[in-house]
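Peer 1: here is the input, now give the coordinates:
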Amino acid sequence: MKTSDMVRQLCEQMNMSISELARRLGQSPQNFGKKLKRETITLEELKAIADVMNVKFEQTFILPDGNEIKTGNE
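Peer 2: The predicted structure follows:
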């Protein structure tokens, strides 16, 4: 699943429009829509989206030995 699809699905499940999310992130809906279309959402923006939506965000590398390298919005 593409990042933009994940953001759209999150908005749908949280009953928030993409435009409202953009405004809460301090971006114009037009600019944010272009980022979604081009798939240029940054890791920092994903963390900010999680904070705005009050959800947990994790990005993890799982090594062969089971150790994890994580980033998130905690």
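
Peer 1: so Leu46, which state does it fall into?
Peer 2: At Leu46 the chain is in helix, as set by DSSP: H, G, I helix; E, B strand; the rest coil.

Peer 1: could you pull out the strands for the chain?
Peer 2: Counting by DSSP state E, residue ranges of the strands within the chain are 58-62, 68-72.

Peer 1: okay, now the unreliable bits of this protein?
Peer 2: Under the criterion pLDDT under 70, the flagged ranges of the chain are 74.

Peer 1: report the central residue of the protein.
Peer 2: Centroid-nearest residue in the chain, with CA atoms, centre = their mean: Leu46, separated by 3.1 Å.

Peer 1: now it: how far from Lys56?
Peer 2: Separation of Leu46 from Lys56 (CB to CB, to the nearest Å): 12 Å. Bear in mind the C-beta positions are built from the backbone N, C-alpha and C, glycine included.

Peer 1: Leu46 touches Ser4, doesn't it?
Peer 2: No. In this structure, Leu46 is not within contact of Ser4 by CB atoms under 8 Å, at 11.2 Å.

Peer 1: OK, contacts around the residue nearest to Lys37 when sequence neighbours are not counted?
Peer 2: Of all residues not flanking Lys37 in the chain, Ser4 sits nearest, at 7.1 Å (CB to CB, 6 or more residues apart in numbering). Taking CB atoms under 8 Å, 6 or more residues apart in numbering, we find Ser4 in contact with Leu36, Lys37, Glu39, Ile41.

Peer 1: what does Met53 give?
Peer 2: Met53 is in contact with Leu10, Met14, Met16, Leu21, counting by CB under 8 Å, 6+ apart.

Peer 1: switch to 10 Å and redo it
Peer 2: Met53 makes contact with Val7, Leu10, Cys11, Gln13, Met14, Met16, Leu21, Arg24, Asn73 under the criterion CB atoms under 10 Å, 6 or more residues apart in numbering.

Peer 1: distance of it from Thr3?
Peer 2: Going from Met53 to Thr3 by CB to CB gives 14 Å.

Peer 1: same thing with Asn54?
Peer 2: In terms of CB to CB, Asn54 sits 19 Å off from Thr3.

Peer 1: which residue of those two possesses the greater neighbour count?
Peer 2: Between Asn54 and Thr3, counting by other CB atoms under 10 Å, Thr3 is the more crowded of the two (15 against 7).
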